[in-house]
Each structure stands twice: as structure tokens, then as C-alpha cells.
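**Student:** prediction below, plus the sequence it came from.
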Amino acid sequence: MIDFLSFNVLSVLFVFCTVVVIHELGHFMMAKLFKIRVEAFAIGFGPRLFGFRKGETDYKVCAIPLGGFVKMAGENPGDDRTGGIEEFLSRPKWQRFLVALMGPVMNILLALVLLTGVFYYKYEVPAFRDEPVVVGLIASGSPADKAGIQARDRILRLGKKVNPTWEQLLLEVTTSASRPLEFEIDRQGARFTQVIVPEGRGREQMGYLGISPYIASMAIIKKVSPGKPAAEAGLKAGDKMVRIGSVNLEQAGKDMAEVLQNIKDGLVPITVLREGQELTVQVKPYWDAASKRRMIGIERELMERMVTKKLSLLEAARESWRQNLQFARLIVEILNKLFQREVSVRLLEGPVGIMRQSGIAARSGFHDLLFLLAAISLNLGIFNLLPIPIMDGGVIAILFLEAILRRDLSLRWRERIAQVSILLLLLLAVVVTYNDIIKLLPASWEKYFP
């Protein structure tokens, strides 16, 4: 347990420190370029733990490692100001705009550089991701099943997206819980329109439709456990499951494990394909108390078909740009839906959630940790551009407002705006921390929390 916590803490410190240092470095470099006096470059908030002073700047690490800041001379209206040219508020608006903008820009650039490196080193994606949406499996009782979706149906249009890929469909459905989606479907040459409402599932209340591509390997037996019903019935590794009972798996668009749960007979006929010949055996499933499922004692090939390419540096940069652009659109779409109350606030995560995800990614490998780091950096860059006054986007918004009004806002107005902004950020911190804690609790406790 201690090793697990320490590993997660180290992972999240690596992630936080990287994105914060890069962000603050953007402000710092632009301020130095315009000869604005920088009084402090801090990682974290609160009391100073350690650091050093060089020239006019105190470089320090503070006690609360959940952010950072660059303190410039004359940055706040309440500061003691001399009106000197080295003070932030004495500089032209276009220079203050660039100083505020450079932090988010550096985070976005970091995301682009990281994914370029990741894709240049290894580019491997599920084959179905960029393929047209042809339904392979339909989960029983799911929204798609209730709407009558069938195996081999092809989705020609999802809302305004024509010929969506699986990746586009999954992203749209995930952020559309309890919201009607219009599908245009081709079924053996016949076209029709169907409206389906994805249901919210899991602690994040992500949208769930209940369809997935058909993965042929999932029907192939990888291993047969000795002494279990499958072995006693004569099933072997390499057999491909064709039918369970009267259900043809591929034609019905059903997964073997799901069909097995729905058949309550003591003996279940299972037809497999072995060396080009169909063979039917009688299998008596047993009840597995740990998984609470009927089992027959086999392991299946669950590997997805992957596409692996060796990309040139330019190709890796293009793919990084494409994916970051897609992620950015998704972030903006989620924020928009949050404001319109079309998605659950459970999608938001804070430091505890990032710690959990960082630990998982680090254990999966440095490749996955860098991918997560890129995603968090992009999120931070976009979030900081929101027009919340004490954030970079707020500074930019006030500069635009002052440019329109052709005068600076009064100290009183700036103080009121800052107070409201701090209140909003504290409220956001409470919400994301609550979400993080709920996600750490046992699933059986979920009913006690709204």
C-alpha cells in the first residue's frame, strides 16, 4: 500500500511539476523579453520550502505543490507602484497580452512536442479507430439494443457528422449521456433514421450506447483450463466459437460471455470451428462466485487488431497536431456542455484524480505517462484561456475590455472581479475534490452520494 501511494505521489509530482514549470516559464520568458522585473518564480503555493535568488528573482518551491506562479513587479493594482517602466501595469497592453498568453501557449506547445515524440518512437492504434462504423456487437438491454440496432448495420450519419469513424462516434456518445442523438443507418441497402438516447454509466456518468466493432479474435479460444467443463467436453485452444445454443454469435452481434449468462439450461450446446469443420459439444457451465458469472473454463484471445506504423518526424508532428486539435475540440465541447448542463460534473477531475490516473499511466509504461502528460498540459492550456479574471484568460479579457473602453478599470472594480473569481475557483475546487473522493470509494457506496 505504501509503495502504491509513493509511486502515485512521485508520478503526480512529475506530471504537475512539468506542466506548471512549462506554463510559468512561458510567462517568465515573455516578461524578461520585455524587461519586466520578475520578483518570484514559484512552483507551488504557500510557505517557501527552499530555493535560491539570482539577480532580482527568487526561484522557489513552496509547500503546496498544486500549481505555481510568476510574481511581476506592479502586477496587481494593490501593489506599491512607482510607475516605472519595469512594472507590469506600466507596459503597453499588447505586451501584457503576450505575457498572459504565453503560459497557455507553452502548455499547448508541450502537448504538441510530447505527442510528436511519442508517435515518432511508436505509433500503434486500434485498427477499428479510423474505420467506418459497422456494428459488430450489441449489448443486451443497452440503448442500441432497445432501439433495434442489428449486427452489420452501418452508421452513415451521426448528428451532422457524415460517415463517422468509430473514434468520432465514441467521443460523441461519451459526452452525450441522456441526450438524444440522431443516426442515419444503412441496413442491407435500406436507409432509415433512428434517434437513440445514450444512458449515463459509471461514476463519471459517461454516455453509453452498447455497440462495438466485431473483433474476430474474441471468439477464439486461447486456453482451456484443465478439469473445467470446456476441457471435459473436448474444447481445445484454437477453436473458434460459432454458436452457443441457437445463437450464431457473429450474425446476432452477441458476445459469447453474454449469451452464456442468458442461457439457463444445465447443458449448453456449443458449436466451434476446428480445422475448417464445425463441431458441436455439450458443456455444463459452472457458477463462479468471484465473478458472479456462469463460466466454462476458457480464456479467449482478447487482443484488438492493431495498426503499427513507423512515422517520420514530419508525419509524427502532423499526427500530433491532428490528435491535439481533436482533443482541444473535445475539451471545448465538454466545457460547453457542462455550462449547458448536458454532461455530468462527474467528468471533472482534480489533483486526486490526476494522481490516480498518473499512477495507472506510469505503471503501464513511460509511453502512456507521456501521453497523459500531453493531455493534462493541453487541458491546462485551454482551461487557463477561460475568461476567469485571476487566470490568464481573465487577464486577456480585461485587457480587451479596457481597449474597448479606452481606459483602465478602477481599483475597486478589479478587486470585485478578483473576489468573484476566487469564489468561483474555490467552488470548482470543492466540486472536483468531491468527485475525486467519490471515485475512490467502493462502488457499493455510490448510492449514498448524489
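**Tutor:** It's in. Not measured: the values here are computed from a predicted model. Residues are numbered from 1 along each chain as shown.

**Student:** where does this structure have its least confident helix or strand?
**Tutor:** Lowest on mean pLDDT, DSSP states H and E among the helices and strands of the chain sits helix 351-364, with a mean of 55.

**Student:** tell me the spacing between the closest residue to residue 208 other than its chain neighbours and residue 195.
**Tutor:** Excluding the flanking residues, the one nearest residue 208 by CB to CB, 6 or more residues apart in numbering is residue 201, at 4.2 Å. C-betas here are computed from N, CA, C, even on glycine. Going from residue 201 to residue 195 by CB to CB, to the nearest Å gives 19 Å.

**Student:** what sits against residue 48?
**Tutor:** Taking CB atoms under 8 Å, 6 or more residues apart in numbering, we find residue 48 in contact with 42, 58, 60, 61, 62, 63.

**Student:** what residues does the strand or helix carrying residue 279 touch?
**Tutor:** Taking DSSP states H and E as the criterion, residue 279 maps to strand 277-283. Contact with strand 277-283 is made by 229-230, 233-235, 239, 242-243, 267-273, 296, as judged by CB under 8 Å, 6+ apart.

**Student:** identify the farthest-apart pair in the residues you listed.
**Tutor:** Among the contacts of strand 277-283, the pair separated by the greatest distance (CB to CB) is 267 and 273, at 20.7 Å.

**Student:** those two - which one has more neighbours?
**Tutor:** residue 273 (16 against 13; other CB atoms under 10 Å).

**Student:** check which residues of the host helix or strand of residue 317 are buried.
**Tutor:** Using DSSP H and E, residue 317 falls within helix 313-339. Neighbour-count burial for helix 313-339 flags 316, 317, 319, 320, 323, 324, 327, 328, 331, 333, 334, 337 (criterion: 16 or more other CB atoms under 10 Å).

**Student:** which helices and strands does that helix pack with?
**Tutor:** Counting contacts by 3 or more CB pairs under 8 Å, 6 or more residues apart in numbering; DSSP states H and E, helix 313-339 is packed against helix 93-121, helix 366-383.

**Student:** if we go to 10 Å?
**Tutor:** helix 93-121, strand 123-126, helix 166-174, strand 306-309, helix 366-383 (3 or more CB pairs under 10 Å, 6 or more residues apart in numbering; DSSP states H and E).

**Student:** make a markdown table out of the ones you listed and add distance to residue 157.
**Tutor:** Shown next, in a markdown table, are the helices and strands packed on helix 313-339 (distance: least, CB to CB, whole Å):
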| stretch | distance to residue 157 |
| --- | --- |
| helix 93-121 | 30 |
| strand 123-126 | 23 |
| helix 166-174 | 11 |
| strand 306-309 | 25 |
| helix 366-383 | 28 |
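
**Student:** for residue 221, which of the ones you listed is the nearest?
**Tutor:** strand 306-309 (20.9 Å).

**Student:** my guess is residue 225 meets residue 298, correct?
**Tutor:** Yes: Residue 225 is within contact range of residue 298, at 7.0 Å (criterion: CB atoms under 10 Å).

**Student:** for this structure, which residue occupies the most central location?
**Tutor:** Nearest to the geometric centre of the chain sits residue 375, at 7.5 Å (CA atoms, centre = their mean).

**Student:** that one against residue 108, yeah?
**Tutor:** No: using CB under 10 Å, residue 375 is not in contact with residue 108, being 11.8 Å away.

**Student:** now the longest helix along the chain, how far from the centre of its chain.
**Tutor:** Assignment by DSSP state H gives helix 2-33 as the longest helix of the chain. When C-alpha coordinates are averaged (CA atoms, centre = their mean, to the nearest Å), helix 2-33 and its chain have centres 19 Å apart.

**Student:** kindly report the same for stretch 402-412.
**Tutor:** 39 Å.
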